[in-house]
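*Asks:* Just need the structure, nothing else, for what follows:
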Amino acid sequence: MKRALFTMLIAVVVVACGGGSPSAGATASAPASSASSSPARPSTKLTVGLGYIPSVQFAQFYLAQQAGYYREAGLEVTFNNQTDTDVITLLGKGAIDIGIADGTSVVPAVSQDIPIRYVTTIYAQFPNIVYAKASSGIKTAADLRGKKLGTPGKYGSSWIMLQALLGSTGLKTSDVNIQLYPDFGQGTALAAGAVDAATGFVNNEPVQLELSGRPATVLHVDAIVPLPGNGLISRVETIAAKRDPLRRFVAATLRAMTDIAADPQKGLDAAIALVPDLGLDPKTQLAILKATIATWSSDHTKAHGPGAIDRSAWTSTVTYMVGLPESPVSGPAPTVDQLVDESLLN
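*Replies:* Alright, predicted model coming up:
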C-alpha cells in the first residue's frame, strides 16, 4: 500500500505562473553565448530535468546556458521539463542525467529502491507554505482550526508540510476543512474568497497576492521541521559514470545563482530570452525571481557554501516522515548516506 502511495506523493516542483509557456514534457534548450570560449575538453552531453514548465524560477539554469558557463565547462546541456514525478521516474530509469525535485520526494523513492541521490541544495529554505490574506485574521497555525484550506491533494511536499505545520500547534488535518483542488486552483480560490487559506509556494502565490494590493500572511515550516527543499538529484550509476561532468554542471549552475543573486535582472533577462511571454509582465516575474533568490540561502549555506547539504535536516526529515500516520516510507528508514551524495560539491 505504501508503495502505491509513492506515485501520488511526489509533488510538482514549484509551479510557475505565466501563460503561453511550453507544455509539460517539452524539451527546451537555449544557445550558449557566442562570446564564450571553446571548451578545452571534449563536450559531454547532459540532459537536465527541470520542473513542469519553463519559468523564471529556473533562471540560473537558463543564465548558465546562455552565458556559456556550461559550454566553458565542456558540457552540452539540454533541458527537459517534466513534473516532479516524471523527473524522479526518469532519473531512476537513467533516462536523464540530473534534475531538480523536492527533497521530500527522495525519501520515499529511495525507500522503494529507486537508486537516486540528492546532490546539491538549490532551495535552502523549504518553499512550500500556507498563506492567507492578512484580512482573514489568520496569523498563526493555530488560527487554521475550522478554516477552509485549499490544497491540490493529500499527497506530496505540500501535504507533508501542512501536517507538520498543524502538528506544531496540536492540530490534525481533520481539524481543518480541507478543500481539494487537483488542478492547482487553490490560489485562485483564495483570491476569490472561496477558501480562507491555501498551500502554495513562498515565491509564487503570496508574491502575486501582494502585487495585487492584498497583503498576505505566510506560515513557514522551517522552524518546526527543517524539510529539505528542492535540489539537484541524480542516479547512483550516473554519478559514478559521469562524476566529473556532473561536478562541472553543479559548479556552473551555482556560479549562475551567485550572478543572479547579485543582479536579479540578469536572471530575468535569461528567462525572457527562453520564454518571451514572461516579458509581458516583467514586474511580476522579477518579484517572483527575487522571492526565489531569497530561498537559495540559509544559515547552513552561508556557513558551508552555496549548494551545501544540511545532513541534520535530512535526519530530522526522515524521522518525521517515518512517523506520519500514513507514512510514504516503505521498509526500513533510509540513512542519510542513502539519500544524499556530496561528492559533486567538492
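
*Asks:* Count the neighbours of Val318 for me.
*Replies:* As a burial measure, Val318 scores 20 neighbours (other CB atoms under 10 Å). The way it works is simple: take the backbone N, C-alpha and C, and place the C-beta from them, glycine included.

*Asks:* what sits against it?
*Replies:* Val107, Val329, Ala333, Pro334, Val336, Leu339 (CB atoms under 8 Å, 6 or more residues apart in numbering).

*Asks:* Swap in 7 Å and give it another go.
*Replies:* Going by CB atoms under 7 Å, 6 or more residues apart in numbering, Val318 touches Val107, Ala333, Pro334.

*Asks:* And the residues you listed, which is closest to Asn177?
*Replies:* Val107 (28.7 Å; CB to CB).

*Asks:* In space, what's closest to the closest one - neighbours in sequence excluded?
*Replies:* Take Val107 and drop its neighbours on the chain: the residue closest to it by CB to CB, 6 or more residues apart in numbering is Met321, 5.4 Å away.

*Asks:* from what I can see the one you found touches Ala333, true?
*Replies:* No - with contacts counted by CB atoms under 7 Å, Met321 stays clear of Ala333, the gap being 8.2 Å.

*Asks:* Mind checking which of the two has more residues around it?
*Replies:* Met321 (23 against 18).

*Asks:* tell me, what residue is most central in the protein?
*Replies:* For the chain, the residue nearest the mean C-alpha position is Asn230 (3.4 Å; CA atoms, centre = their mean).

*Asks:* ok, so of the contacts of Val318, who is nearest Trp159?
*Replies:* Lowest distance from Trp159 to the contacts of Val318 (CB to CB) belongs to Val107, with 13.7 Å.

*Asks:* by contact count, what packs against the one helix or strand that closest one maps to?
*Replies:* Taking DSSP states H and E as the criterion, Val107 maps to helix 103-111. In terms of contacts (3 or more CB pairs under 7 Å, 6 or more residues apart in numbering; DSSP states H and E), helix 103-111 is packed against helix 2-9, helix 84-93, strand 116-121, helix 311-322, helix 336-339.

*Asks:* quick one: the fourth one to strand 116-121, angle?
*Replies:* Following axes from the mean of the first three to the mean of the last three CA atoms, to 10 degrees, one obtains 140 degrees for the angle between helix 311-322 and strand 116-121.

*Asks:* got the buried residues for helix 311-322?
*Replies:* For helix 311-322, the neighbour count (16 or more other CB atoms under 10 Å) marks Ala313, Trp314, Ser316, Thr317, Val318, Tyr320, Met321 as buried.

*Asks:* Redo these as a markdown table? Include pLDDT.
*Replies:* Shown next, in a markdown table, are the buried residues of helix 311-322 (pLDDT from 0 to 100):
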| residue | pLDDT |
| --- | --- |
| Ala313 | 94 |
| Trp314 | 96 |
| Ser316 | 94 |
| Thr317 | 94 |
| Val318 | 95 |
| Tyr320 | 93 |
| Met321 | 92 |
